[in-house]
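[1] Let's see this in three dimensions:
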Amino acid sequence: MPDPTPTRERGRPRTFDLDEALDAALQVFWREGFLSASLSDLTAAMGINKPSLYAAFGDKQALYLAALERYAAQHLGALAQRLDENPDGRAAVHAFLRALSALFADPALPGGCFIVNGSADSGAITMPKPVESALQQALRRNEGLLRARLERAAAVGQLPAAGRKPAVLASFFMATVAGMSVMAKNGASRAVLDAVADMALTAWDAGPAASPQPARRAPARRTAPKHPARLA
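    Below you'll find the model as predicted:
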């Protein structure tokens, strides 16, 4: 019976740690995205050769999907739990955004969000559909967590009733997160990202924007006739 564990090359024992190799691949994919990360970059960072990579993880696509799961488990799981456990909705969302600010600007990490960085490749002809789909699902999952927390806040009266729809507000916060990620990838400091997170929370408190009213036309001025009728 063949060995069902894909962690060894034929006839050779595995000489590297799977978790350490996956963490190294995660860093490369986080920095470069799926398309720009070459197998040479990956194997050099992981300290293995290509046959070992294929034997342990499968192909590049399978390695990327494993790295995406690793990123979610290492960096997003605790944030999601904190978002859910904080009893105050506004404070929960604020802490969530601030924690992402710290993650995105951490000098020990590649910068920005793994998911947002990877989504920059979406739509490219050479982007594998399973990878693109996994990134889209990750974005929707994170937005769903925010929406669920906002719905809870609305249910207990923590969300201002005037025009604050949880679904729309969740989309706004996700757009803020994506912007923060791009800023961090381009060198923005944590202080700058914190300020953006703080400003985003003003959307929680502000009333809905007033719909622009159509301009009213001024009444036409009546002009006296050039030849007024004479009185008899």
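[2] Every contact and neighbour count from this point should use C-alpha atoms.
    Will do.
[3] quick check: longest helix of this protein.
    helix 129-155 (DSSP state H).
[4] Counting neighbours, which bits of whichever helix or strand comes after it end up buried?
    Moving toward the C-terminus from helix 129-155, the first helix or strand encountered (DSSP states H and E) is helix 166-185. With burial defined by 16 or more other C-alpha atoms under 10 Å, the residues of helix 166-185 counted as buried are 166, 169-171, 173-174, 176-185.
[5] Quick one: mean pLDDT over stretch 93-111.
    Taken as a whole, stretch 93-111 has a mean pLDDT of 96.
[6] scratch that, stretch 119-127
    Stretch 119-127 shows a mean pLDDT of 93.
[7] got any ranges where the chain has weak pLDDT?
    Across the chain, the ranges flagged by pLDDT under 70 are 1-14, 161-163, 206-232.
[8] so how far is stretch 62-79 from its chain's centroid?
    How far stretch 62-79 lies from its chain's middle: 13 Å, per C-alpha atoms, centre = their mean, to the nearest Å.
[9] buried sites along it?
    Taking 16+ other C-alpha under 10 Å as the criterion, stretch 62-79 shows 63-68, 70-72, 76, 79 as buried.
[10] now swap in stretch 96-108 and tell me
    96-105.
[11] farthest pair in those residues?
    Based on C-alpha to C-alpha, the longest span within those runs between 96 and 105 and measures 14.4 Å.
[12] Could you measure from the residue nearest to residue 139 when sequence neighbours are not counted over to residue 169?
    Closest residue to residue 139 apart from its sequence neighbours, by C-alpha to C-alpha, 6 or more residues apart in numbering: residue 115 at 7.2 Å. Using C-alpha to C-alpha, to the nearest Å, we find residue 115 at a distance of 20 Å from residue 169.
[13] Could you do residue 197 as well?
    Going from residue 197 to residue 169 by C-alpha to C-alpha gives 14 Å.
[14] Give me the residues contacting stretch 183-195.
    Stretch 183-195 has contacts (C-alpha atoms under 8 Å, 6 or more residues apart in numbering) with 97-98, 101-102, 104-106, 110-112, 180.
[15] doesn't residue 199 make contact with residue 98?
    No - taking C-alpha atoms under 8 Å as the definition, residue 98 is not a contact partner of residue 199, at 11.3 Å.
[16] just to revisit the earlier point, for the residue nearest to residue 139, give me its contacts.
    68, 135, 138-139.
[17] Kindly reformat those residues as a markdown table containing distance to residue 29.
    Output for the contacts of residue 115, formatted as a markdown table (distance: C-alpha to C-alpha, whole Å):
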| residue | distance to residue 29 |
| --- | --- |
| 68 | 9 |
| 135 | 13 |
| 138 | 16 |
| 139 | 17 |
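[18] Let's see the ChimeraX selection covering just the buried ones among those residues.
    Command for ChimeraX that selects the buried part of the contacts of residue 115, burial taken from 16+ other C-alpha under 10 Å:
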select :68,135,138,139
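[19] can you give me the helices for this protein?
    For the chain, the helices defined by DSSP H occupy 18-36, 39-46, 50-57, 60-71, 77-85, 89-104, 114-119, 129-155, 166-185, 190-200, 202-205.
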